[in-house]
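In: have a look; sequence and predicted model below, questions after that.
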Amino acid sequence: MTLNEIAKKMCAKGKGILAADESTGTIAKRFKSINVENLEKNRLIFRQTLFNSAAMKDYIGGVILFDETIRQKTTLGPTIPDLISSHGAIPGIKVDKGAKSLAGSNDETITEGLDGLRERLKEYYDLGARFTKWRAVYKITEKFPSSQSIKSNAHALARYAALVQEAKMVPIVEPEVLMDGSHDIDKCFNITTNVLNECYNELEIQKVDLKGTILKPNMIIPGSECKNKASSNEIAKKTLDCLKKNVPNDVPGIAFLSGGQSEIDSSKNLNEINKINDSNFLITFSYGRGLQASALKEFGKNQSNIENIQKAFNHRAKMNSLSSKGEWLEELEKETAA
């Protein structure tokens with residue numbers, strides 16, 4: 001498959017991307033919240049349970065993995081990448097090394113991981129990965145993000161994307177404007193506009209073929225502490241407007257991050273966007289918590305109750321699949337335990 005074909009398959013109508021690339025430290029926090037010990041075998045059991053769910057075939061186009069997970073063999077026999085592939089989804093890998101303090105602006109971050117990346121990409125390809133992910137993070141305050149942060153992170157994202165395409169994989173470009181803060185929806189729109197513009201300027205400079213990329217952006221939403229809440233309809237209109245103005249038409253797919261939204265909100269907002277989507281973009285989900293939160297609760301109740309864990313995951317995947325087609329309805333959420 002060409003890179004464009006891989007990208008389109010991952011974002012095909014009714015399908016989206018499962019973000020299961022939590023670092024060991026992040027999943028430790030998730031497991032702590034459900035009183036499960038953060039052991040390698042527990043991480044493996046939880047993830048392979050999701051990857052072997054019925055939802056994988058119908059609703060999931062790709063799965064983002066963490067370094068530990070892509071190397072694991074399941075207790076069912078096949079490797080994790082082979083299990084994912086057997087359900088028709090594409091295995092991928094997070095390749096950045098995390099957000100570190102930005103020199104000259106210590107309250108902001110720069111994502112690291114370019115050193116040795118070419119060699120790591122070759123290994124990941126041999127392990128079965130066909131796409132990758134790199135996340136840049138921007139926080140909104142009175143004075144941030146600075147132009148230094150916006151330019152530095154865009155440059156790193158573009159260099160990463162060029163190396164990934166050289167290694168014959170699809171880069172997911174993830175510039176996340178965080179929802180933390182008291183800023184309003186218009187501030188989010190303006191900052192996201194600046195971030196996307198700089199990213200696509202740098203991607204052009206680095207000669208990245210946009211047809212073989214996927215964008216993983218934030219939605220345009222008010223800060224979590226903002227007093228002026230926005231309706232799903234307003235979020236959808238402003239998000240689509242921002243994408244149409246700032247994302248080149250060559251980009252085949254846009255897969256939103258859930259970014260701390262609740263499971264219901266992330267489905268509802270994605271649905272509203274797709275109801276009015278008059279662009280050429282395939283618009284779908286690339287959710288972590290937005291797909292896993294309910295399944296994680298079931299895992300905490302009883303780690304060996306595979307059926308209940310998978311039922312919770314299947315339901316969320318189905319709801320987000322409907323949202324990616326603009327067909328989600330709030331009353332369908334009552335099916336959770338059905």
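Out: It's in. Everything numeric here is computed off the predicted structure, so don't read it as measured data.
In: can you pull out the helices in the chain?
Out: Using DSSP state H, the helices found in the chain span residues 3-10, 24-33, 40-51, 55-59, 67-70, 80-86, 117-127, 147-166, 185-205, 232-246, 263-275, 289-301, 306-323.
In: how about those in TSV, adding mean pLDDT, mean neighbour count and distance to S105?
Out: Quick note: C-beta positions are derived from backbone N, CA and C, even for glycine. As requested, the helices of the chain are arranged in TSV below (pLDDT from 0 to 100; neighbours: other Cβ atoms under 10 Å; distance: least, Cβ to Cβ, whole Å):
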stretch	mean pLDDT	mean neighbour count	distance to S105
helix 3-10	98	21	33
helix 24-33	96	14	24
helix 40-51	98	20	34
helix 55-59	98	20	40
helix 67-70	98	20	28
helix 80-86	98	20	38
helix 117-127	98	16	24
helix 147-166	98	21	5
helix 185-205	98	19	15
helix 232-246	98	19	23
helix 263-275	97	23	30
helix 289-301	97	21	28
helix 306-323	98	22	36
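In: can I get those in a markdown table with distance to N106?
Out: Listed next are those as a markdown table, based on distance: least, Cβ to Cβ, whole Å:
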| stretch | distance to N106 |
| --- | --- |
| helix 3-10 | 36 |
| helix 24-33 | 21 |
| helix 40-51 | 32 |
| helix 55-59 | 42 |
| helix 67-70 | 27 |
| helix 80-86 | 37 |
| helix 117-127 | 25 |
| helix 147-166 | 11 |
| helix 185-205 | 20 |
| helix 232-246 | 28 |
| helix 263-275 | 32 |
| helix 289-301 | 28 |
| helix 306-323 | 37 |
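In: of those, which approaches D107 most closely?
Out: Closest approach to D107 among the helices of the chain (Cβ to Cβ): helix 147-166, 9.5 Å.
In: could you give the angle of the closest one to helix 3-10?
Out: 100 degrees (axes from the mean of the first three to the mean of the last three Cα atoms, to 10 degrees).
In: can you give me how far helix 147-166 is from the chain middle?
Out: 17 Å (Cα atoms, centre = their mean, to the nearest Å).
In: which other helices and strands contact that helix?
Out: For helix 147-166, the elements it packs on are strand 99-102, strand 105-111, helix 117-127, strand 131-138, strand 170-177, helix 185-205, judged by 3 or more Cβ pairs under 8 Å, 6 or more residues apart in numbering; DSSP states H and E.
In: what lies in contact with stretch 109-116?
Out: For stretch 109-116, contacts defined as Cβ atoms under 8 Å, 6 or more residues apart in numbering pick out 95-103, 134-137, 149, 152-153, 156-157, 159-160, 163.
In: repeat for stretch 38-58
Out: Stretch 38-58 is contacted by residues 14-15, 18, 20, 24, 27-28, 31-32, 36, 63, 68-69, 72, 74-76, 80, 83-84, 87-89, 292, 295-296, 299, 303, 306, 309-310, 313-314, 317-318, 321 when judged by Cβ under 8 Å, 6+ apart.
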